[in-house]
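>>> Make a model of this:
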Amino acid sequence: MNALHLYLQNLDHNYRYIRKHLQPSTQCIGVVKAAAYGSHSIAFAKRLVELGIDSLAVAYTEEGVQLRESGILTPIMVFYPQKDTLQSLLHADLEPCLYSKELMETFESLLNQNGIQNYPIHIKYNTGLHRVGFALEEINWVLDKIVAPCFQLKTVYSHLAASEEKRPSSQCDLQIQRFQHIREQHSHSNKNLPKFHLLNSSGVFNYPELQFDAVRCGIALHGFANRPEWDQQLKPIAELETHISQIHEVHEGESVGYDQGWKASKNSRIACLPLGHADGIGRHYGNQRSSVQIHGNQAPVVGNVCMDMLMVDVTEIQCKEGDRVLLFGKDYTASDFASQGGTISYEILTAIGPRIKR
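Residues are numbered from 1 along each chain as shown. Here you go, the predicted structure:
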């Protein structure tokens, strides 16, 4: 009925394009959090491993455990480990990104209790995004802590808040300046230098001179880099399709959907599609704010999107029940569709629900 097709050959293209533009010594961290941005985390991660990815990254411990249980042995970073999942993280040989004093001390105690030394960790600093991360004022505290025998510091990193913003960006420039200071402090204090990384997908395109030792790529592997000129170099991997369940003849003045969301200004043909906000197509796509493609024609979404159904106007389109409908794909991309609903490719991709077959 509904399907999200994933074209892994496009992932191959995106990975190779990115790798081609990295310095030979720069590692690529493949970000596969949130079910690999709504696709299929295991299939996606295994393909990256085949392609030669240096390491993987997830948001939470449970995601990393799932990859380990599938047989993936590649190093896996956990961006936002929670205290109550540290034991599971340790058992699965996952690498925590430590971002607060409390978290770091809790993990240190856990390692010492288990008699573990030289366990790989990553340190995250908050340089201006103000999400998670150690404050600049805590650098010395971190430097004192990381010499503990239980830790092996692998990388130090931060995250730009507006990496796609046209240069010069005052926000990014300030964060870059702060990160350079962090890098200098760590470089002067560590005998075994960790690797440093700052750039996400957009940053790889916008700040090629700041690759440092590694970059983190997530959405770019799916074909998007947040600027049209960059997106043109990549290939979307996801295509969301459905089919027409039923077509109604709606007379002038009659309404469609909950709360009489749309009224026909003329006699119309309305097609019902078997997916709705329970599948990730939110109400913000309704009431003619977005459209889908049927036989290459745009069919506007009319009325309010329902939980399991949405309706489109096919008055001017030759179609029948059972015909294929494309929500997004290669030419009319997830980014194009998302923009109609006032959002971004990340949100529509990660919102696609489990009822839709991959």
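
>>> so who does residue 51 touch?
11-12, 15-16 (C-beta atoms under 8 Å, 6 or more residues apart in numbering). For glycine as for every other residue, the C-beta is placed from the backbone atoms N, C-alpha and C.

>>> Same question for residue 99.
Residue 99 neighbours (C-beta under 8 Å, 6+ apart): 80, 123-124, 126, 132-134.

>>> Now go through the residues you listed and say which are in helices.
For these, not one is inside helices, with DSSP state H as the criterion.

>>> Narrow the contacts of residue 51 to those that are buried.
Listed as buried from those are 11-12, 15; burial here means 16 or more other C-beta atoms under 10 Å.

>>> which one among these gets closest to residue 295?
Distance to residue 295, by C-beta to C-beta, is smallest for residue 11 among the buried ones among the contacts of residue 51, at 28.1 Å.

>>> In stretch 128-144, which of the residues would be classed as buried?
Neighbour count says stretch 128-144 has 128, 132-134, 138-139, 142-143 buried, by 16+ other C-beta under 10 Å.

>>> no wait, stretch 53-71
Within stretch 53-71, judged by 16+ other C-beta under 10 Å, the buried ones are 53-61, 63-67.

>>> State the mean pLDDT of it.
In this model, stretch 53-71 has a mean pLDDT of 98.

>>> same thing with stretch 318-327?
98.

>>> In the stretch 151-300 of the chain, what residue spans correspond to strands?
151-157, 195-197, 214-217, 238-243, 246-250, 255-256, 262-263, 268-273, 291-294, 297-302 (DSSP state E, counting those that start in this stretch).

>>> Out of those strands, which is closest to residue 354?
strand 238-243 (13.9 Å).

>>> Which stretches in the stretch 51-200 of the chain count as helices?
61-69, 86-91, 101-113, 139-145, 170-189 (DSSP state H, counting those that start in this stretch).

>>> Ok, which of those helices comes nearest residue 258?
Of all those, helix 61-69 comes closest under C-beta to C-beta, at 35.3 Å.

>>> Which of the contacts of residue 51 sits closest to residue 201?
Lowest distance from residue 201 to the contacts of residue 51 (C-beta to C-beta) belongs to residue 15, with 11.8 Å.

>>> where's the closest one, which helix or strand?
Take DSSP states H and E as the rule and residue 15 turns out to sit in helix 8-20.

>>> what are the C-alpha coordinates of that helix, in CSV please?
Output of helix 8-20 as CSV, limited to C-alpha atoms (Å, rounded to 0.1, in the frame of the first residue of the first chain):
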residue,chain,number,x,y,z
LEU,A,8,21.3,2.6,-1.7
GLN,A,9,23.2,3.3,-4.9
ASN,A,10,22.4,7.0,-4.2
LEU,A,11,23.9,6.6,-0.7
ASP,A,12,27.0,5.2,-2.4
HIS,A,13,27.1,8.4,-4.6
ASN,A,14,26.7,10.7,-1.7
TYR,A,15,29.3,9.0,0.5
ARG,A,16,31.8,9.0,-2.3
TYR,A,17,31.1,12.6,-3.2
ILE,A,18,31.7,13.7,0.4
ARG,A,19,34.8,11.5,0.8
LYS,A,20,36.2,12.9,-2.4
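
>>> At the geometric centre of this structure, which residue do we find?
residue 37 (4.3 Å; C-alpha atoms, centre = their mean).

>>> SS state for that one?
helix (DSSP: H, G, I helix; E, B strand; the rest coil).

>>> contacting residues around it?
218-219, 222, 346, 349-350.

>>> if you look at the residues you listed, which of them are in helices?
346, 349-350.

>>> ok, and the most crowded of those residues?
Neighbour counts for the ones in helices among the contacts of residue 37 (other C-beta atoms under 10 Å) peak at residue 349, which has 28 neighbours.

>>> Name the nearest residue to it, ignoring sequence neighbours.
residue 38 (4.1 Å; C-beta to C-beta, 6 or more residues apart in numbering).

>>> now the helices for the stretch 251-358 of the chain?
Under DSSP H, counting those that start in this stretch, the stretch 251-358 of the chain gives helices at 334-340, 345-351.

>>> and residue 107, which of those is closest to it?
helix 345-351 (27.7 Å).

>>> next one: that closest one to chain centre, how far?
8 Å (C-alpha atoms, centre = their mean, to the nearest Å).

>>> Does that helix pack against any helices or strands, and if so which?
Helices and strands touching helix 345-351, by 3 or more C-beta pairs under 8 Å, 6 or more residues apart in numbering; DSSP states H and E, are helix 33-38, helix 334-340.

>>> I would like the residues contacting it, please.
So helix 345-351 is contacted by 34-35, 37-39, 219, 222, 224, 238, 280-282, 328, 333-335, 337-338, 341 (C-beta under 8 Å, 6+ apart).

>>> Try it again at 7 Å.
Outside helix 345-351, the residues that touch it by C-beta atoms under 7 Å, 6 or more residues apart in numbering are 34, 37-38, 219, 222, 224, 238, 280, 334-335, 337-338.

>>> among those, which two are most distant?
34 and 337 (18.1 Å).

>>> quick one, which of those two is more surrounded?
residue 337 (23 against 18).

>>> give me every residue that touches that one.
290, 327-328, 348.

>>> Point out the most buried one among the strands of the stretch 151-300 of the chain.
Among these, ranked by average contacts under mean count of other C-beta atoms under 10 Å, first place goes to strand 214-217 (a mean of 24).
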